[in-house]
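[1] The following comprises the amino acid sequence and a computationally predicted model.
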Amino acid sequence: MGENVEVVEAVYENGVLRPLKPLKLKEGERVLLKVRRESIIELARELRKKITPETVDMDPTDYLLKLREERDYAGRY
């Protein structure tokens, strides 16, 4: 069974999750959702745990991209 995974941000309004971008789904198609709440405090805690002497020398943008890739990869499996 092939697995199609797409990460989509959504807003919870009036009891319904509303995607912030169009989804490539057929009408009536069923999906599985993994709900993850994010806040700036959680992000700061995550960053603080991962800062090492090696990462201090990295460009901040490169470091954040690396963390995002690791998080997205881990979330798939």
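    Here it is on my side, so go on.

[2] now the strands for the protein?
    Counting by DSSP state E, the segments of the chain that form strands are 10-13, 16-19.

[3] a markdown table for these, including distance to Arg68 and mean pLDDT?
    Every residue, glycine included, has its C-beta placed from N, CA and C. Listed next are the strands of the chain as a markdown table, based on distance: least, C-beta to C-beta, whole Å; pLDDT from 0 to 100:
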| stretch | distance to Arg68 | mean pLDDT |
| --- | --- | --- |
| strand 10-13 | 18 | 89 |
| strand 16-19 | 20 | 93 |
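
[4] Let me know which of these is the nearest to Lys66.
    For these, proximity to Lys66 was assessed by C-beta to C-beta; strand 10-13 is nearest, at 25.4 Å.

[5] now this structure, which segments are flagged as low pLDDT?
    Along the chain, the parts satisfying pLDDT under 70 run over 1-3, 55, 75-77.
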